[in-house]
Each structure stands twice: as structure tokens, then as C-alpha cells.
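>>> kindly return the folded structure for what I paste below:
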Amino acid sequence: MKLHSNIIGEGKPFLILHGFLGMGDNWKTLAKKFADEGYQVHLIDQRNHGRSPHTEEFSYKLMAEDIQEYCKTHNLEEIILLGHSMGGKTAMKVAVMFPELLKELIIVDIAPKYYPPHHQTILEGLTMLSDSELTSRGEADEKLQEYIEEWGVRQFLLKNLYWKEKNKLALRMNLPVLKEKIENVGIALEENEIYPKQTLFINGEKSGYIKEEDRDLINKHFPKSNLATIKGAGHWVHAEKMDEFYEIVIGYLKNLA
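Take a look at the predicted model:
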């Protein structure tokens, strides 16, 4: 699986994995800031997302293997791996399957527990867009508004639009497979999967994805973990409170250097 990526900067390899229905480019602004600190940032599109290949298969085991293969292809060792939401689940799986690959692990607003499917309305809206003859991004936003009120969420999703041909917009993600395999997005780490090295979890105070009662489970799978909470932030903590998020990550990495 040859994953698409955008590589920014030179230095220590720093891989960032986006969330469900996202793409690497969602992290471009932060990637430039990390690159200025001496990191080579790899903004990766996971399978069935962005410009990476579409496949019928979609699981965290496969996506972790994709990252291992990516590191081999690019001769990367001792990587810093950061994942948000679905990307955080992939990063956890990489850590327990290929711990030798990692120097640092950062998980953003997701726990190693099971999450029931909760993207149904978003997937309905995207299906409607996919079935429509779209000729402008404004038209797509207007249609999507019937399903999703939050402007920020719509803008995040509309980044998936591209000009498939003249005057015809289409979505980059593999929507049919993502809908079919939606149950796989929320699966938990297996009981015996443990990553013994240092891990930083970051969550948004208002998010609800990591609850107080999840701490024990996090510590069970990641016994050397710390949790940093960003006040006033929701699930897209890195976008909502970018400066605070950046300072926490850089501070953590510099302390361990």
C-alpha cells in the first residue's frame, strides 16, 4: 500500500495521522510550525482517505501495517507518531504491533476503548453530496448544511472535494467502504495489547471522547502515559486551540530530547 503524504521540513521524522474522513493536509499549518523546530513532518493520508489508495479492506491492523511499510519505504526509524481520533487509534495499533519503530507516541482525543458508530448524519450528508451533480463548493456547503449545522465541521468535510473533471466536483474518500466498515472505526485495543514506553495523551475539555473513567483503561494499555487536557477545546482540539496544542506537544518533545 503506497500511502500518499506531504513531507514538510528536515530533521527528526514526525508522522501525523488524521482522523476519520480527514486527510493529512488538515494538519498543514501545525506541520509548518513543527518543521521550524527541526522536524521532518510527514502528513499522511490513511487508506481510503485523501489521495491514498482505495481498497475494500479497512482495519486498524492493516492501517498499522501501512505505516510500517511507509517507514520502510522512506527509511524512517525512531519516529515521533501523532494521531488524532481515528488516526490516534491507528497510532496505538502501530505502537503495540511495531514498538521498535517509535521514539515518541502522542495520542489526541481518543481512548483505547470501543466507541459505537456515531457518524451516521455526517455519512448521510456526504452520501447526498456524492449523489449530487455539484458545480461549486458553495453549492456543496449549502446542501451539507441540511445535515450538519456546525460551519467548522462542514469546512473540514468539504476539504475532501476536488474537481474530478471540468465543472464536476467529487469526494476524495472511499465513501462506500467507509460506510460499510464504520463499525471498525470504533473498535478497542485488544485486552493484551500494551505499549510499555512513554506516551502523551491530549484531550479537549469539552470533547467527551476521553472521560475520567477511561483513565484506568489508558493506564492499563499505556502504563507510562500522561494526559494533558486543553480547556475550552472540543474534539478538534488541535484546530480549536492551536497555539496551546502546539506548546504542549513541543514542550513534551523538548523535555524528552
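>>> name the SS class of Ile148, please.
coil (DSSP: H, G, I helix; E, B strand; the rest coil).
>>> which pLDDT value goes with it?
Predicted confidence (pLDDT) at Ile148: the value is 94.
>>> which residues does it contact?
Residues touching Ile148, when contacts are defined by CB atoms under 8 Å, 6 or more residues apart in numbering, comprise 121-122, 125, 154, 157. In this view, the C-beta of every residue, glycine as well, is placed from N, C-alpha and C.
>>> run the last query once more with 10 Å
Counting by CB atoms under 10 Å, 6 or more residues apart in numbering, Ile148 makes contact with 121-122, 124-126, 141, 154, 156-157.
>>> which one of those is nearest Leu217?
Using CB to CB, the shortest approach to Leu217 within those belongs to Ile122, at 26.2 Å.
>>> measure the closest one to Leu21 for me?
Plainly put, Ile122 is 7 Å away from Leu21 if you go by CB to CB, to the nearest Å.
>>> quickly list what's touching both of those two.
153, 156-157.
>>> where does this structure have low pLDDT?
Within the chain, the segments meeting pLDDT under 70 span 257.
>>> now the helices for it?
Along the chain, counting by DSSP state H, helices occupy 28-36, 60-73, 86-97, 120-131, 137-144, 151-158, 175-180, 182-185, 215-221, 237-240, 242-256.
>>> most packed of those helices?
Mean neighbour count, computed with mean count of other CB atoms under 10 Å, is highest for helix 86-97 among the helices of the chain, reaching a mean of 25.
>>> run the chain-centre distance for it.
Averaging C-alpha positions (CA atoms, centre = their mean, to the nearest Å) puts helix 86-97 10 Å from its chain's average.
>>> tell me what that helix is packed against?
Other elements packing on helix 86-97 under the criterion 3 or more CB pairs under 10 Å, 6 or more residues apart in numbering; DSSP states H and E are strand 12-17, helix 60-73, strand 79-84, strand 102-108, helix 182-185, strand 199-204, helix 215-221.
>>> who wins for proximity to Arg51 among the ones you listed?
Arg51 lies closest to helix 60-73 among the helices and strands packed on helix 86-97, at 13.7 Å (CB to CB).
>>> okay if I get the contacts of Ile148 as CSV plus distance to Tyr246?
Conversion of those to CSV gives the following (distance: CB to CB, whole Å):
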residue, distance to Tyr246
Thr121, 31
Ile122, 27
Glu124, 34
Gly125, 31
Leu126, 30
Asp141, 28
Arg154, 25
Phe156, 19
Leu157, 24
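>>> and which of those is nearest Ile7?
Looking at the contacts of Ile148 and their distance to Ile7, the nearest is Phe156, at 22.4 Å (CB to CB).
>>> list the contacts of the closest one.
The neighbours of Phe156, taking CB under 10 Å, 6+ apart as the test, are 18-19, 21-23, 26, 122, 148, 150, 236, 239.
>>> kindly report the same for Tyr252.
By CB under 10 Å, 6+ apart, the contact list for Tyr252 reads 80, 104, 106, 198, 200, 202, 226, 228.
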